[in-house]
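S.K.: structure here, sequence nowhere to be found:
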């Protein structure tokens, strides 16, 4: 039997006491539970799944929702009081065959988790791809070098500017201002306080409301034509309040149909992103906006499971968790020189 650790950093207690915890925790729990449930539902799979939880996000409700046969293969672990979460990640990964981990980009947590887990057990992107994705500035530099449109390409006609953490997650500490000088001054103050921060033109969408703020869900890895497959176009419910603070109010599916007229451009974009960031593997989420002049403009790349994972296997009628496992096996077969941690 293969044992898999599912650890989502927030629901495992990784941001205990952080102001962002309350905002992000429901998203973390939904991802953790969906990942574990999708693994346990794989037909014929001989798997035992262990989820990491914490007192603020216990996993009992997940166990109660599962069929009895699946619940019997679900385990739960929790960090000891005072135990550093990265130490907990390392110890638990060593006790399992594979580790499927989600963590915010803040403080480059995901690459740090990967270092603790090691190549052989890590379900997800390579160290290089995750290093590039951990900072928005690095991601966009990779994409721009590959000839993809990026937010700076709309600077000449920008009407608004956004200030946000370079390593942020969600819409936390993200502010939109109409005045570029004010935006740059705010960014300078936040940088002086030690925050990794960037300021960019706010990419205005084309006329269609459906294409305002979107995300592209995709699979990446060896064996896929072009290195990537577009799975779903999602609409992100993004709200900017009177003070300019950005809020994330959830996600809805726009399209999963390859016959949709938008699909060829989305599939081409997925392949170009995979080529620009070698080592993307498994589920990848790309935030993007459809600009009237430039077409689809990537805003950031999440080299991990995102909120768009939740429910996607059921929508597509595909065992996506099994496909992630298969991509890992193929990649491992092509990388015999990797050494397990």
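M.R.: On my side now, so go ahead. Note that this is a predicted model, so its numbers are computed, not measured. Numbers count the residues shown, from 1 in each chain.
S.K.: you'd agree residue 231 is in a helix?
M.R.: No - read with DSSP: H, G, I helix; E, B strand; the rest coil, residue 231 is strand and lies in no helix.
S.K.: for the host helix or strand of residue 285, give the mean pLDDT please.
M.R.: Applying DSSP states H and E as the criterion places residue 285 in strand 282-291. Averaging the model's pLDDT scores along strand 282-291 yields 96.
S.K.: ok, now stretch 78-91?
M.R.: On average, stretch 78-91 scores 95.
S.K.: what residues sit buried inside that stretch?
M.R.: 78, 79, 85, 86, 88, 89, 90 (16 or more other Cβ atoms under 10 Å). Any C-beta I mention is one placed from the backbone N, CA and C, and that applies to glycine too.
S.K.: between those residues, which is closest to residue 248?
M.R.: Using Cβ to Cβ, residue 85 comes nearest to residue 248 of the buried residues of stretch 78-91, at 23.4 Å.
S.K.: so which elements touch the strand holding residue 285?
M.R.: strand 214-220, helix 263-276, strand 295-302, helix 320-334 (3 or more Cβ pairs under 8 Å, 6 or more residues apart in numbering; DSSP states H and E).
S.K.: I'd like the buried residues of stretch 78-91 as TSV, with distance to residue 130 and secondary structure appended.
M.R.: Below are the buried residues of stretch 78-91 laid out as TSV (distance: Cβ to Cβ, whole Å; DSSP: H, G, I helix; E, B strand; the rest coil):
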residue	distance to residue 130	secondary structure
78	26	strand
79	22	coil
85	17	helix
86	15	helix
88	19	helix
89	14	helix
90	17	helix
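S.K.: how about residues contacting stretch 313-322?
M.R.: With Cβ atoms under 8 Å, 6 or more residues apart in numbering as the test, stretch 313-322 has contacts from 35, 38-39, 41-43, 45, 219, 231-232, 253, 256, 283, 309, 312.
S.K.: pLDDT-wise, what's the bottom of the residues you listed?
M.R.: Out of the contacts of stretch 313-322, that is residue 45, at 75.
S.K.: give the full set of residues in contact with it.
M.R.: Contacts of residue 45 by Cβ under 8 Å, 6+ apart are 2, 39, 322.
S.K.: let me see the domain layout of the chain.
M.R.: 2-123+318-334, 136-303 (automatic domain parsing).
S.K.: quick one: terminal-to-terminal distance for the longest one?
M.R.: So the one you mean is domain 136-303. With Cα to Cα, to the nearest Å as the measure, domain 136-303 spans 12 Å from end to end.
S.K.: now the terminal residues of stretch 167-174, how far apart.
M.R.: Length of stretch 167-174, first residue to last, Cα to Cα: 11 Å.
S.K.: I figured residue 228 hits residue 280, correct?
M.R.: Yes - the pair residue 228 / residue 280 is scored as a contact, 7.3 Å apart, by Cβ atoms under 8 Å.
S.K.: residues shared between the contacts of those two?
M.R.: 220, 273, 274.
S.K.: nearest to residue 333 among those?
M.R.: Among the shared contacts of residue 228 and residue 280, and counting by Cβ to Cβ, the member closest to residue 333 is residue 220, at 16.3 Å.
S.K.: poorly predicted segments of the protein, please.
M.R.: Along the chain, the parts satisfying pLDDT under 70 run over 169-170, 207-211, 336-341.
S.K.: residue boundaries of the helices in it?
M.R.: Applying DSSP state H to the chain gives helices spanning 21-40, 60-65, 68-71, 85-94, 109-117, 127-133, 136-145, 180-192, 263-276, 312-316, 320-334.
S.K.: what about residue 218, distance to residue 286?
M.R.: Using Cβ to Cβ, to the nearest Å, we find residue 218 at a distance of 7 Å from residue 286.
S.K.: overlap in contacts, the two.
M.R.: When Cβ under 8 Å, 6+ apart defines a contact, the residues bordering residue 218 and residue 286 alike are 270, 273.
S.K.: picking that back up, between the helices of the chain, which one is nearest to residue 160?
M.R.: Going by Cβ to Cβ, the one of the helices of the chain nearest residue 160 is helix 180-192, 8.4 Å.
S.K.: I'd like to know which elements the closest one is packed against.
M.R.: strand 161-165, strand 175-177, strand 197-201.
S.K.: starting from the first one, tell me which strands it pairs with and how they run.
M.R.: Pairing partners of strand 161-165, with direction, according to DSSP bridges: strand 175-177 (antiparallel), strand 197-201 (antiparallel).
S.K.: so how far is stretch 179-197 from its chain's centroid?
M.R.: In this view, stretch 179-197 has its centroid 25 Å away from the chain centroid, taken as Cα atoms, centre = their mean, to the nearest Å.
S.K.: out of the strands paired with strand 161-165, nearest to residue 95?
M.R.: Using Cβ to Cβ as the criterion, the shortest distance between residue 95 and the strands paired with strand 161-165 is 38.1 Å, found for strand 197-201.
S.K.: kind regards, and thank you for your time.
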